[in-house]
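> Need a 3D model of the sequence below.
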Amino acid sequence: MRSAYFLFFVMVLTIPVFLGVNVWQANRCGVLRNEIRRLERAQENLVEENNTVAAEIANLLAVERLERDAGSRLGLARLSPENVTLIIVGGDAFGQ
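Numbers count the residues shown, from 1 in each chain. Take a look at the predicted model:
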């Protein structure tokens, strides 16, 4: 009889403990879910920023832009093939 009361007493005490653990676990899951959402938003922002920077780099490396800036800022112009002189020093220019 004593062991039945003891078992009943232990069961009565463990139920609130399990409920408390369940509440703690649900709260922790909510916190982690919010953290995941925050990190996903940050990742989306970084991807957008990366795409913007990649587009800016592509624009800066565009041949037309480089030629325009070379002409306007540095006074350079593209040479025509007849204005190019090939100088060969110590060998064949085409490896033949």
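> drop to CA atoms for contacts and neighbour counts, all remaining ones
Will do.
> Share the number of residues neighbouring the residue nearest to residue 66 when sequence neighbours are not counted, please.
Setting aside the residues directly before and after it, residue 66 is nearest to residue 60 in space (CA to CA, 6 or more residues apart in numbering), at 7.4 Å. A count of nearby residues for residue 60, using other CA atoms under 10 Å, gives 12.
> thought residue 60 was touching residue 68?
No: using CA atoms under 8 Å, residue 60 is not in contact with residue 68; the gap is 11.3 Å.
> State the distance from residue 21 to residue 53.
Separation of residue 21 from residue 53 (CA to CA, to the nearest Å): 47 Å.
> can you give me the strands in the protein?
Counting by DSSP state E, one finds no strands in the chain.
> count of neighbours near residue 68?
Neighbours around residue 68, by other CA under 10 Å: 14.
> what's the answer for residue 70, then?
Residue 70: 14 neighbours (other CA under 10 Å).
> What of residue 82?
Using other CA under 10 Å: residue 82 sits among 6 other residues.
> what does residue 71 give?
13.
> quick one: it and residue 64 touch, right?
No: using CA under 8 Å, residue 71 is not in contact with residue 64, being 10.6 Å away.
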